[in-house]
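S.K.: prediction below, plus the sequence it came from.
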Amino acid sequence: MTKAAVFGTGSWGTTFAMILAGAGGKTVLWGRRPEVVEAIDRRHENPDYLPGVRLPETLRATTDPAEALDGADFVVLAVPSQTLRGNLTGWKPYLPPEAVLVSLMKGIELGTTKRMSEVICEVAEVPKERVAVVSGPNLVGEIVRGQPAATVVACADRRAMERLQEACHLPPWFRPYTNPDVVGVELGGAVKNVIALAVGVSAGMGLGDNVSAMLMTRGLAEISRLGEALGADPHTFAGLAGMGDLIATCTSPLSRNRTFGENLGRGMTLAEVVAATKQTAEGVKSCESVLELARKHDVEMPITEVVVAVVHDGLTPAEAGNLLMSRTLKPERYGV
Ligand SMILES: NC(=O)c1ccc[n+]([C@@H]2O[C@H](COP(=O)([O-])OP(=O)(O)OC[C@H]3O[C@@H](n4cnc5c(N)ncnc54)[C@H](O)[C@@H]3O)[C@@H](O)[C@H]2O)c1
Ligand SMILES: O=P(O)(O)OC[C@H](O)CO
């Protein structure tokens, strides 16, 4: 039997742990807060993040990283992207030497512009073959209601990728596909959050479906341009971790990123929106690192630029719209 240690008792960490436990693996959650860990371990619930959801009795929880990591085949990381480096540094002494480290996170590190798998390789000092990524249209609010979902498992090592695919396959609820393109899968997950902020802003302003479709489609063009510059496989962006996740996140009222943007578009101040957002909306911070990454690689990302300006520099949503619509005319595809 495989063992997984899942770090982060938030909404996705807990839900993914339910999937792993349901698929038959021994699964232990690590959490910071003793009261949350106790609720999961003793009462089989996580009222803070998944109220009303009954967790499997086989799912254990602990605040002790060494206990969680003991004998783990998979170390699954589901903390906010910007805290990962600090967290993993603390857990490093207890990492089993053969374990595969799995990122569920959809962000780019501020300051370094590194993808989460790169941060993991650097901090844990492991080769990229030991690091996998899971990303796709996986809105927790639907999955915990028992609704089916598919995802993508990516890893440079085919055997590790297929072992993880097997470990999180739980028919008819959860269906993982594989894709060796780690860069593309990760970028799709991180940048769609930025585009979802933009779509949310437009929806909050009362703009219609033409605008949503424009932002999603041109957003996918931005994601693909950045991906190509970083060596991703362009086909990945037409898949679940690209277009699939973009559609789910940009259109669902369950998305924290879309909702964040919607509140800004309705005229709430940044401070008010931050106060109203109880969970991690990765795009709010990652929009800055995505833009920095794009500039490093000389990639044009106009939607990302205005998202950064609206969220962090006080540009109004109306001004952002005018800027995007007044750009110089272009062919739809570069070079065509
Ligand atoms: N919720 C979803 O629908 C979903 C789906 C797919 C991927 N993701 C991604 O998974 C990652 C985690 O998201 P989530 O939805 O579980 O977020 P969340 O806000 O629900 O939970 C975050 C967890 O991290 C913990 N945490 C916060 N700060 C911490 C710190 N400094 N040190 C250690 N732990 C800390 C919180 O206590 C909580 O347990 C994000 O990158 C997100 O984009 C989320
Ligand atoms: O709620 P969001 O905006 O963080 O999106 C959650 C997942 O990434 C959707 O796949």
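M.R.: Structure's in. What do you need? Since this is a predicted model, take the numbers as computed values, not measurements. Numbers count the residues shown, from 1 in each chain. Ligands and ions are numbered 1, 2, ... in the order given.
S.K.: how long is stretch 290-308 end to end?
M.R.: Stretch 290-308 has an end-to-end distance of 10 Å (CA to CA, to the nearest Å).
S.K.: what's the mean pLDDT across it?
M.R.: The pLDDT scores in stretch 290-308 average 98.
S.K.: partners of the longest strand seen in the chain, with directions?
M.R.: Scanning the chain for the strand with the most residues, using DSSP state E, yields strand 149-155. Here strand 149-155 has these sheet partners by DSSP bridges: strand 131-135 (antiparallel), strand 174-178 (parallel).
S.K.: which strands or helices does the next helix or strand after that strand pack on?
M.R.: With elements assigned by DSSP states H and E, the helix or strand that comes after strand 149-155 is helix 158-167. Contact analysis of helix 158-167 by 3 or more CB pairs under 8 Å, 6 or more residues apart in numbering; DSSP states H and E lists strand 100-103, strand 131-135, strand 149-155, strand 174-178 as its packing neighbours. (Each C-beta comes from the backbone N, C-alpha and C, glycine too.)
S.K.: try it again at 10 Å.
M.R.: strand 3-7, helix 11-22, strand 74-77, strand 100-103, strand 131-135, strand 149-155, strand 174-178 (3 or more CB pairs under 10 Å, 6 or more residues apart in numbering; DSSP states H and E).
S.K.: what does it contact?
M.R.: Residues outside helix 158-167 that contact it (CB atoms under 10 Å, 6 or more residues apart in numbering) are 2-4, 19-20, 23-25, 27, 73-74, 76, 99-102, 129-134, 151-155, 157, 175-180, 182.
S.K.: domains of the chain?
M.R.: 3-182, 183-325 (automatic domain parsing).
S.K.: before we move on, back to that, could I get the longest strand of the chain in CSV with only the CA atoms?
M.R.: Taking Å, rounded to 0.1, in the frame of the first residue of the first chain, the C-alpha atoms of strand 149-155 are listed here in CSV:
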residue,chain,number,x,y,z
ALA,A,149,-13.6,15.9,-12.1
ALA,A,150,-10.5,15.2,-14.2
THR,A,151,-7.0,16.5,-13.7
VAL,A,152,-3.4,16.2,-15.1
VAL,A,153,-0.5,14.6,-13.4
ALA,A,154,2.9,15.8,-14.7
CYS,A,155,6.4,14.6,-14.0
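S.K.: does ligand 1 sit close to that strand?
M.R.: No - judged by CB under 6 Å from any ligand atom, strand 149-155 makes no contact with ligand 1; its nearest approach is 8.4 Å.
S.K.: picking that back up, out of the contacts of helix 158-167, which are buried?
M.R.: Using 16 or more other CB atoms under 10 Å as the burial test, these include 2-4, 19-20, 23, 25, 27, 73-74, 76, 99-102, 130-134, 151-155, 157, 175-176, 179, 182 as buried.
S.K.: list the buried residues for stretch 67-86?
M.R.: Buried residues in stretch 67-86 (16+ other CB under 10 Å): 68-69, 72-82, 84-85.
S.K.: swap in stretch 108-127?
M.R.: For stretch 108-127, by 16+ other CB under 10 Å, it's 108-109, 113-121, 123-124, 126.
S.K.: show me which residues of the stretch 51-200 of the chain sit near ligand 1.
M.R.: Residues of the stretch 51-200 of the chain lying close to ligand 1 (CB under 6 Å from any ligand atom) are 78-81, 83, 87, 104-107, 138-140.
S.K.: what does the stretch 101-250 of the chain have sitting close to ligand 2?
M.R.: Counting by CB under 6 Å from any ligand atom, the stretch 101-250 of the chain sits next to ligand 2 at Lys106, Pro137, Asn138, Leu139, Asn193, Ala196, Asp245, Ala248, Thr249.
S.K.: separation between Thr178 and Pro137?
M.R.: Distance of Thr178 to Pro137, computed by CB to CB, to the nearest Å: 16 Å.
S.K.: out of the residues of the stretch 51-200 of the chain next to ligand 1, which are inside helices?
M.R.: Of those, the ones assigned to helices by DSSP state H are Asn87, Val140.
S.K.: so which of the residues of the stretch 51-200 of the chain next to ligand 1 comes closest to His169?
M.R.: Distance to His169 across these (CB to CB) is lowest for Asn138, with 14.1 Å.
S.K.: quick one: the closest one and Val153 touch, right?
M.R.: No - counting by CB atoms under 10 Å, Asn138 does not reach Val153; the two are 11.8 Å apart.
S.K.: name the residues contacting each of the two.
M.R.: The overlap between the contact sets of Asn138 and Val153 (CB under 10 Å, 6+ apart) consists of Ala241.
S.K.: helices and strands of the protein: which one bottoms out on pLDDT?
M.R.: Ranked by mean pLDDT, DSSP states H and E, the weakest helix or strand in the chain is helix 270-276, scoring a mean of 95.
S.K.: just give me how far that helix sits from the chain centre.
M.R.: 21 Å (CA atoms, centre = their mean, to the nearest Å).
S.K.: would you mark the buried spots in that helix?
M.R.: Result for helix 270-276 [16+ other CB under 10 Å]: buried residues Val273.
S.K.: could I have it exported to CSV, CA atoms only?
M.R.: Taking Å, rounded to 0.1, in the frame of the first residue of the first chain, the C-alpha atoms of helix 270-276 are listed here in CSV:
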residue,chain,number,x,y,z
LEU,A,270,-8.5,46.4,-2.5
ALA,A,271,-8.5,46.3,1.3
GLU,A,272,-12.2,45.5,1.4
VAL,A,273,-11.8,42.6,-1.1
VAL,A,274,-8.8,41.2,0.8
ALA,A,275,-10.8,41.3,4.0
ALA,A,276,-13.7,39.5,2.3
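S.K.: noted, bye for now.
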